[in-house]
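Engineer: whatever this is, show me its structure:
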Amino acid sequence: MKPLIATALAMLFAVTSGWAVTACDRNDEPTAVSDNASTGDGTTNAPEDNDNDTPETPDAMILKMKIGNSTFSVTLADNATARAFADLLPLRLNMSELNGNEKYVYLDQSLPAQASSPGIIQTGDLMLYGSSCIVLFYENFSTSYRYTRIGRVDNPAGLAAAVGSGSVTVSFEH
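Structural biologist: Alright, predicted model coming up:
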């Protein structure tokens, strides 16, 4: 009976200690900088979109992500989170390093979230942690954390080199 209890406690410790391994750290809050300048009357100086009634085309679900001299295509997920993220564009995010596998930043506003556990994080996953933490993963690993998918870098070759080992500025645009 004692080995069974010890095994159960060891498994419980292994599962719960994984929570400390990865995810956004609220103690180090990088800043998000929007290129959409507010005009003071509730509107922004973002480019006009007069085609609000037309269904999204596949091209509308593809974003450009720029990191230094590197540009990556990101295909957005078909969900409310990805659409809300796209509505914020263009964005320039000053993202911090965490755990040698991700860059993250807290937005000043919340996005719709419907988190689930992906089990495996893939290089190039762009996720929402909680309701305001944007996370860009540049290494594959297993996780028990819950995220809402925003999108995925189409060809993540070179992503780890582009983001480097410290904080990095990442720009997203249509």
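
Engineer: so what's the nearest residue in space to residue 109 that is not next to it in sequence up against?
Structural biologist: Ranked by C-beta to C-beta, 6 or more residues apart in numbering and with sequence neighbours excluded, the top spatial neighbour of residue 109 is residue 132, at 6.7 Å. Placement of C-beta: from N, CA and C, glycine included. By C-beta atoms under 8 Å, 6 or more residues apart in numbering, residue 132 lies in contact with 106-111.

Engineer: hmm, 10 Å instead?
Structural biologist: Residues in contact with residue 132 (C-beta atoms under 10 Å, 6 or more residues apart in numbering) are 24, 32, 105-111, 113.

Engineer: one more: residue 164?
Structural biologist: Contact analysis of residue 164 by C-beta under 10 Å, 6+ apart lists 67-68, 97, 103, 138.

Engineer: and these, which are buried?
Structural biologist: Listed as buried from the contacts of residue 164 are 67, 97, 103, 138; burial here means 16 or more other C-beta atoms under 10 Å.

Engineer: quick one: the helices in the chain, in order.
Structural biologist: 2-17, 80-87, 159-163 (DSSP state H).

Engineer: re the thing from before, what about the residue nearest to residue 109, distance to residue 141?
Structural biologist: Plainly put, residue 132 is 23 Å away from residue 141 if you go by C-beta to C-beta, to the nearest Å.

Engineer: rewinding a little: closest to residue 159 out of the contacts of residue 132?
Structural biologist: Using C-beta to C-beta, residue 105 is the member of the contacts of residue 132 that sits closest to residue 159, with 16.2 Å.

Engineer: please name the bridge partners of the closest one.
Structural biologist: residue 134 (DSSP bridges).

Engineer: so where's this structure shaky on pLDDT?
Structural biologist: For the chain, the stretches flagged by pLDDT under 70 are 1-60.

Engineer: sketch out the strands for it, chain order is fine.
Structural biologist: Taking DSSP state E to define them, one finds strands in the chain at 32-34, 62-67, 70-76, 91-98, 102-106, 120-121, 125-129, 133-137, 141-142, 148-153, 168-173.

Engineer: I'd like these written out as CSV, with distance to residue 162 added.
Structural biologist: Listed next are the strands of the chain as CSV, based on distance: least, C-beta to C-beta, whole Å:
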stretch, distance to residue 162
strand 32-34, 19
strand 62-67, 4
strand 70-76, 4
strand 91-98, 12
strand 102-106, 10
strand 120-121, 18
strand 125-129, 14
strand 133-137, 10
strand 141-142, 19
strand 148-153, 10
strand 168-173, 8
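
Engineer: highest mean neighbour count out of the ones you listed?
Structural biologist: strand 133-137 (a mean of 25; mean count of other C-beta atoms under 10 Å).
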